[in-house]
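# for reference, the sequence and a predicted model appear below.
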Amino acid sequence: MPSGKIAGRLVIRSLCVLALASGVGCQPHARSLEPEPEMPATTRPADAPFTISPLRVQTIGPMSYCYVPVRTSFQELPQTSSRAVAAMRKAAAARISFTGPCLFVYHDPGENPAQPFDMEIGYPVADNSAAPAGLSVRRLPAFRCATVTYRGPMRHLDDAYAKLIPQIIAAGYIPSDETRESYTTWAGPDSAGNVVQIEVGIR
């Protein structure tokens, strides 16, 4: 995939985070599926309320995933994300067991904000969980990816992508069509306490 395309699609997709976080109040789970060791953070200037960890290549283990499948564009995202979050709230009311943090899965969105793409919004769940009405459950395979951990308010999340993408390209990795965001800790769209692991698939 050309570097320009992946850079464009990853930067524009951060609109999804802002729409979900500030517009409809997505509340990710506060515990990660697989706790990761603390790593030294790359500290920004004193006036920047966020940090970005060094790049790490890892394989995320397979998991069962309860989700809302969405076919949308970035122009339509506020409406589609509202419906998705409402469906996940119904799942919580049905007492399905979420075993990890809120997970966004993006399937190759393009640079054109009007172009439809597929994504999923959901949570890891216990194996053999039944899908509540209106949702789906599938097995996510092991996922080899380049990751950074972002800590801070959502308005600066693009800075993490701006750091990660050139490092992926410089290291000679080929990005896959899948990108994930795992919301390990959520304290509100403007909070410095948010922790998001960005996971860009690589081949």
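The structure has been received and is ready for your questions.

# how near is the residue most central in space within the chain to Met63?
Per CA atoms, centre = their mean, the C-alpha nearest to the average position across the chain is that of Glu181, at 1.7 Å. Using CB to CB, to the nearest Å, Glu181 is found at 15 Å from Met63. Where you see a C-beta, it was placed from the backbone N, CA and C, and this is true even at glycine.

# same thing with Gly193?
Note on Gly193: its distance to Met63, by CB to CB, is 25 Å.

# ditto for Cys145
Per CB to CB, Cys145 is found 14 Å from Met63.

# go on, Gln197?
Taken as CB to CB, the span from Gln197 to Met63 is 14 Å.

# do the same with Ser182
11 Å.

# got it, and Gln167?
Gln167 sits 26 Å away from Met63, going by CB to CB.

# hmm, back to that, which of Gly193 and Met63 has more neighbours?
Applying other CB atoms under 10 Å to Gly193 and Met63 shows that Met63 carries more neighbours, namely 21 against 11.

# so which helix or strand takes in the residue nearest to the residue nearest to the centre of the chain when sequence neighbours are not counted?
Leaving aside its sequence neighbours, Glu181 sits nearest to Phe104 (CB to CB, 6 or more residues apart in numbering; 4.4 Å). Secondary structure assignment for Phe104, by DSSP states H and E: strand 102-107.

# and that strand, which strands flank it?
When pairs are called by DSSP bridges, strand 102-107 turns out to pair with strand 117-125 (antiparallel), strand 175-185 (antiparallel).
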